[in-house]
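Q: only the shape, not the letters, is given here:
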């Protein structure tokens, strides 16, 4: 509704101006008094914003919906079945559902109060996925599987399927694309096993409570993005930030832009020789295709020549070199 809000993992939103001046705390006219987490999803068709919030006290996990006018249309609603505080960084939506993936990263207040770590990785709990109707017509449908971790999701969408193992009946599945990690990887208690990653497509069957995981490769990637106009709907292409192996990087840095074609199950990469941030797709004026536009990101030089750049690629020509590198 024409406002900018700055978001963070553990505090309520702050409204800012277009010039980045602070206006103040923003709770959607009292509709979200405790705030929300930093990865809301805006449905490009309905213009609704779906949000979630986790806590170390009850209710441990809630979700809500903001209408196009900025008013809360679905008040904060507790997710039944969540019995403790879990760290949940991101989530996904489809046309009719929100998908909350709960990895076994558990808050331990007793440990924190006695000098221990506030967050503990408990892989014996496994990972749970809650599929919740956006119209709040029912509670969550749960899917349980072996422990894994997700920082960021690319997208999710619904897919109708008829199969022999479904008795020949038409069923609804949810496709979920994301960088998969074997553990949280922050060196926490219980997180001592070697960490590895893979870009992954999960197929969820909420009614049966099952999940299938297809690891496309073993690349450790992050910050997946699609054409935002397709959020919650079927997409073909997505980009991630990866590591080329050519440079010495610190943890969390990426120097490669990689694009996946999820129809073909293939990927292409461009080594940037710079540390890049999260890449966004900018549609060309009047363009409707997923590749009719530009990839845009900030970049930091690996040498001392100049630190800050904006890199711009023509998506239709990728993986060619950037069409522009703009000095900031």
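A: Nice, I can see it. The model shown is predicted, which means the values in this text are computed figures rather than measured ones.
Q: dump the residue contacts of residue 103.
A: Contact partners of residue 103, counting by Cβ atoms under 8 Å, 6 or more residues apart in numbering, are 86, 87, 88, 127, 147, 148, 149, 150, 184. (Each C-beta comes from the backbone N, C-alpha and C, glycine too.)
Q: could you count how many residues lie near the last one?
A: Applying other Cβ atoms under 10 Å, we find 22 residues neighbouring residue 184.
Q: for it, give me its contacts.
A: Shown in contact with residue 184 (Cβ under 8 Å, 6+ apart): 103, 105, 119, 121, 149, 191.
Q: try the fifth one
A: The contact partners of residue 147, taken as Cβ under 8 Å, 6+ apart, are 103, 104, 123, 124, 125, 126, 127, 183.
Q: likewise the fourth one?
A: Going by Cβ under 8 Å, 6+ apart, residue 127 touches 101, 102, 103, 104, 144, 145, 146, 147, 148, 149.
Q: go again with 6 Å.
A: Remark: with contacts taken as Cβ atoms under 6 Å, 6 or more residues apart in numbering, residue 127 is in contact with 103, 145, 147, 148.
Q: just to revisit the earlier point, of the contacts of residue 147, buried ones?
A: Neighbour-count burial within those applies to 103, 104, 123, 125, 127, 183; the criterion is 16 or more other Cβ atoms under 10 Å.
Q: these two touch, right, the fourth one and residue 104?
A: Yes: between residue 125 and residue 104 a contact is recorded at 4.0 Å, counting by Cβ atoms under 6 Å.
Q: residue ranges with poor pLDDT in the stretch 201-328 of the chain?
A: Within the stretch 201-328 of the chain, the stretches falling below the threshold (pLDDT under 70) are 304-306.
Q: out of the contacts of residue 184, which sit inside strands?
A: Of those, the ones assigned to strands by DSSP state E are 105, 119, 121.
Q: show me what the last one is bridged to.
A: In other words, residue 121. With DSSP bridges as the criterion, the beta-bridge partners of residue 121 are residue 105.
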